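Chemist: Give me a model of this one.
(2 chains, ligands or ions: 2)
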Amino acid sequence: MNILVCIKQVPETTDVRINPETNTLVRDGVQSIVNPFDMYAIEEGIRIREKHGGKVTVITMGPPQAENALREAVSLGCDEAVLLTDRAFAGADTWATSYALSMAIRKIKDFDIIICGKQAIDGDTAQVGPGISTFLDIPQITYVKKIEDIKPGFIRVERLTEEGFTAIESSLPVLLTVVKEINEPRLPSLKGKMKAKSLQIAKWTAVDIGANPEKIGLPGSPTIVNRIFTPPKKAGGRIMKGDAVQIVTELVGELREKHIV
Amino acid sequence: MPLMVNEKCIGCKLCEKACPFDAIHVVEKLAVVDLDKCTLCGACVPACKFDALKIDVKRRGAANKDDFKGVWVFAEQKKGKVQSVAFELLGAGRKLADVRKSELCAVLLGKDVTGETARLFHKGADKVYVVDRPELENFLDEPYAKILDKLVKKYKPEILLAGASTIGRALIPRVAILSNTGLTADCTGLDIDPATGNLLQTRPAFGGNIMATILTDLHRPQMATVRHKVMKELAPDTSRTGQVIDVTDIDAADLSSRTKIANIVDELEKTVNLTEADVIVSGGRGLRAPENFKMLEELALVVGGAVGASRAAVDSGWMPYSHQVGQTGKTVCPKVYIACGISGAIQHLVGMQSSDVIIAINKDPDAPIFSVANYGIVGDVFEVVPQLTTKLKEVLKK
Ligand SMILES: Cc1cc2nc3c(=O)[nH]c(=O)nc-3n(C[C@H](O)[C@H](O)[C@H](O)COP(=O)(O)OP(=O)(O)OC[C@H]3O[C@@H](n4cnc5c(N)ncnc54)[C@H](O)[C@@H]3O)c2cc1C
Ligand SMILES: Cc1cc2nc3c(=O)[nH]c(=O)nc-3n(C[C@H](O)[C@H](O)[C@H](O)COP(=O)(O)OP(=O)(O)OC[C@H]3O[C@@H](n4cnc5c(N)ncnc54)[C@H](O)[C@@H]3O)c2cc1C
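Modeler: Residues are numbered from 1 along each chain as shown, chains lettered A, B, ... in the order given. Ligands and ions are numbered 1, 2, ... in the order given. Take a look at the predicted model:
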């Protein structure tokens, strides 16, 4: 089994606070980490290899420092790493991001299963995984919470739904997006850490993957961010303290009056 | 260089503060862009009061926009029943269609679903496209996407909306790529820009800490998935009818799928589906032990609600993961959210803060949960919750 895991480097905290005086965002000294959902993707990729053999290649598109995210993935047990980095990729929306990643995957060529996280904690769209599978014209299964069986050319998984889950079978190659429930990610091993230090990471530009310059980065993006603002604050609530019986009577009275219950 | 700073810059730092990626810094009274960090997201451009920043990139345009008309709603169905999120979208879509002076259409894919069209008309649709085939009984990514794309290419709607559900968020990204257009995820606000007629798609990002308005300005249709429980359904008008268009030119290739459903398991039969519930009673570490969730179940039963949990409660094994609310759990938007013994960490808040009314019960007066609560009760959950259950039972009986 050849596994490809797509990971994204994101800010460590999405807790971008608001400075009340200037009404602007404050995010001092924020570190970059591997998108938390992608840790489950990495772990699942490694588990499949441990059971079925093959190799795990981790891939990211991002600025040069995204190389750190790849090295972290290698320290956990991934075999190879590819960094897509080029100024021409900047400003990509999910359409252009999926296109670029799919072109890189075409160049890698040999793969049975592509694994993505459920969503990235910054952009939060959950659209890149399905985008990649559509560009590659392969099937997809999103929100995978368990892999039940893998055989040559065949996979059976459980997909999380609002009501429970659905067991789904697919031919290979396939793209999966995985949720937190799927596994418990391991910690890096000493051997992995050594490998992460020394591994030569392939760095590909837009030209290297044969991407059409009109379809990448900002020029290739059908969506643009028009405005960013901080969410309106909830109007100051009412704090109630004292005797429980009295508070509850008062609360229920008000809820009834306002037809909330 | 695509993001350019011109001579009008006075070094006021507004752009520095607006940048979500820490990519602009004012050095010697001039904004300097860190190209390694800049993602060209464009947040700085409107933030500048001096017109000093320009993103100078020619973007690929595709569609002849005037050819595209009408607002479409994907009428998600399960077991032959149209889901409530589709009715909410008809409510939102009605307004958009009226502003654009165009028609509102629903698209319904499934098996034996034609009976559902009446309800779609009652809730605002002018027209319903129906693809009724046995192969479409349950959602499958590939045939649903191919058929929706085919309809989009044939009938050219200006706007396509779908629920940001498990189905919507798997299906619409596929359709957007096939139809060569943009998609905005998980919107909580939709409006028409009076100047351009473009759809203003507003959505939370960065775990709900910021809001962004997204445009699909050069492509059509403008596609968006929309969060459940945010848009309002119209009151049903049973006198309304409309045109049913039975789509029949569907071939075997459109229906083919490389994935196949082996089994559908509903786990939530005994409780209410969390994302559908009008009232959610959630518990956190403050409940101390799994058996104490019984107390919350009793309260939930009285108000016809569901039980949720913080991650701390889930990680302690007190509740299954399917009940977790928050960044790594479910995003919920009920009419009433009752947080019991939950501190209100940001990762929890992002999953529930858009609830209509929030009631928090916590013994710590400084707990951050109180900052989002409409009613904050400082007290012991073991005292307040049973009291609340008794009192509500009393008044709701009458
Ligand atoms: C505030 C804001 C709002 C935005 N809203 C939209 C929008 O509504 N629509 C839109 O099209 N774009 C939007 N974008 C742009 C979007 O965030 C970027 O295209 C981003 O690169 C990918 O989207 P995501 O972060 O949502 O990833 P997701 O689609 O949530 O990521 C899912 C998975 O895909 C993989 N993946 C994602 N990015 C990469 C990568 N660079 N390299 C390797 N694997 C990756 C990972 O496995 C990840 O877990 C927005 C950007 C901002 C700043
Ligand atoms: C990447 C990431 C993702 C995360 N995702 C989520 C998520 O999806 N959902 C989530 O919930 N968390 C999430 N978390 C965890 C989050 O940061 C908090 O740790 C968690 O929400 C805390 O749960 P809690 O409020 O139940 O527990 P605590 O923070 O321990 O709070 C317990 C509260 O109960 C109160 N209390 C105690 N006894 C009583 C009593 N007798 N009566 C009344 N009040 C009492 C205390 O005053 C306290 O405020 C995430 C964290 C990370 C880093």
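Chemist: Can you read off the backbone torsions of the closest residue to ligand 2 within the stretch 151-261 of chain A?
Modeler: Using CB to the nearest ligand atom, the single residue of the stretch 151-261 of chain A nearest to ligand 2 is A:K180, 8.6 Å away. Placement of C-beta: from N, CA and C, glycine included. Note on A:K180: backbone dihedrals following degrees, to the nearest 10 are phi -50, psi -40.
Chemist: now it, nearest residue through space, not along the chain?
Modeler: Once flanking residues are discounted, A:K180 sits nearest to B:T328: 5.3 Å by CB to CB, 6 or more residues apart in numbering or on different chains.
Chemist: ditto for B:I261
Modeler: Counting by CB to CB, 6+ apart, the nearest residue to B:I261 once its immediate chain neighbours are dropped is B:N138, at 5.5 Å.
Chemist: State the three-state secondary structure for that neighbour.
Modeler: For B:N138, the assignment made with DSSP: H, G, I helix; E, B strand; the rest coil gives coil.
Chemist: separation between it and B:K78?
Modeler: B:N138 sits 8 Å away from B:K78, going by CB to CB, to the nearest Å.
Chemist: same check, this time on B:L120
Modeler: Distance of B:L120 to B:K78, given as CB to CB: 15 Å.
Chemist: With A:K215 instead?
Modeler: Counting by CB to CB, the gap from A:K215 to B:K78 is 35 Å.
Chemist: picking that back up, is it true that the residue nearest to A:K180 lies in a strand?
Modeler: No - going by three-state DSSP, the assignment for B:T328 is coil, not a strand.
Chemist: who's in contact with the residue most central in space within chain B?
Modeler: Nearest to the mean C-alpha position of chain B, by CA atoms, centre = their mean, lies B:R227 at 1.7 Å. With contact set as CB atoms under 8 Å, 6 or more residues apart in numbering or on different chains, B:R227 has these partners: B:164, B:186-188, B:331, B:333, B:354.
Chemist: B:K79 is in contact with B:K111, correct?
Modeler: No - in this structure, B:K111 is not within contact of B:K79 by CB atoms under 8 Å, at 9.9 Å.
Chemist: residue ranges with poor pLDDT in chain B?
Modeler: B:1, B:268-272, B:398 (pLDDT under 70).
Chemist: near ligand 2, which residues of it show up?
Modeler: Residues of chain B that fall close to ligand 2, judged by CB under 6 Å from any ligand atom: B:284-286, B:310-313, B:324-329, B:341-343, B:345, B:347-348, B:351, B:361-364, B:367, B:380-382.
Chemist: Contact residues of the stretch 51-200 of chain A facing ligand 1?
Modeler: Going by CB under 6 Å from any ligand atom, the residues of the stretch 51-200 of chain A near ligand 1 are A:59-62, A:92-95, A:97, A:101, A:116-117, A:119-120, A:122-129.
Chemist: mind redoing it with 8 Å?
Modeler: A:59-62, A:66, A:84, A:92-97, A:101, A:115-120, A:122-129, A:131-132, A:177 (CB under 8 Å from any ligand atom).
Chemist: Among those residues, name the ones that also lie close to chain B.
Modeler: A:93-95, A:122-127, A:129, A:131 (CB under 8 Å from any CB of the partner chain).
Chemist: who has more neighbours, B:L120 and B:K78?
Modeler: Set B:L120 next to B:K78 and count neighbours by other CB atoms under 10 Å in any protein chain shown: B:L120 wins out with 27 against 17.
Chemist: that older thread, does the residue of the stretch 151-261 of chain A closest to ligand 2 touch A:D38 like I think?
Modeler: No - the criterion here is CB under 8 Å, and A:K180 misses it with A:D38 at 11.3 Å.
Chemist: So the two - more neighbours on which side?
Modeler: A:D38 (30 against 21).
Chemist: is it fair to say that one lies in a strand?
Modeler: No - secondary structure of A:D38 (three-state DSSP): helix, not part of a strand.
Chemist: Can I get the longest strand along chain A as CSV, trimmed to CA atoms?
Modeler: Longest strand of chain A, by residue count under DSSP state E: strand A:140-151. What follows is strand A:140-151, C-alpha atoms only, in CSV (Å, rounded to 0.1, in the frame of the first residue of the first chain):
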residue,chain,number,x,y,z
GLN,A,140,-13.8,9.9,-1.8
ILE,A,141,-15.1,9.1,1.7
THR,A,142,-15.3,11.9,4.2
TYR,A,143,-15.5,11.9,8.0
VAL,A,144,-14.0,8.4,8.3
LYS,A,145,-14.0,7.2,11.9
LYS,A,146,-12.8,3.7,11.4
ILE,A,147,-11.0,1.6,8.7
GLU,A,148,-12.6,-1.9,8.9
ASP,A,149,-10.8,-3.7,6.1
ILE,A,150,-8.2,-3.2,3.4
LYS,A,151,-7.5,-5.7,0.6
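Chemist: Now do the SS call for the closest residue to B:R240 other than its chain neighbours.
Modeler: In space, and not counting its chain neighbours, B:R240 is closest to B:F121: 4.9 Å by CB to CB, 6+ apart. Under three-state DSSP, the three-state class of B:F121 is helix.
Chemist: on that earlier part again, between B:K111 and B:K79, who's got more neighbours?
Modeler: More neighbours surround B:K111 than the other of B:K111 and B:K79, with 15 against 12 (other CB under 10 Å).
Chemist: Do a quick rundown of the strands in the stretch 251-398 of chain B.
Modeler: B:259-266, B:279-283, B:306-309, B:336-340, B:357-362, B:375-378 (DSSP state E, counting those that start in this stretch).
Chemist: what's the answer for the stretch 101-250 of chain B, then?
Modeler: B:104-110, B:127-132, B:159-163, B:183-187, B:189-192, B:199-205, B:210-215, B:222-226, B:243-246.
Chemist: Rebuild those strands as a markdown table, extending it with distance to A:D243 and mean neighbour count.
Modeler: As requested, those are arranged in a markdown table below (distance: least, CB to CB, whole Å; neighbours: other CB atoms under 10 Å in any protein chain shown):
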| stretch | distance to A:D243 | mean neighbour count |
| --- | --- | --- |
| strand B:104-110 | 53 | 27 |
| strand B:127-132 | 56 | 22 |
| strand B:159-163 | 44 | 28 |
| strand B:183-187 | 42 | 27 |
| strand B:189-192 | 41 | 18 |
| strand B:199-205 | 38 | 23 |
| strand B:210-215 | 40 | 21 |
| strand B:222-226 | 44 | 29 |
| strand B:243-246 | 60 | 14 |
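Chemist: Can you tell me which of those strands is nearest to A:Q246?
Modeler: Of all the strands of the stretch 101-250 of chain B, strand B:199-205 sits nearest to A:Q246, with 37.5 Å by CB to CB.
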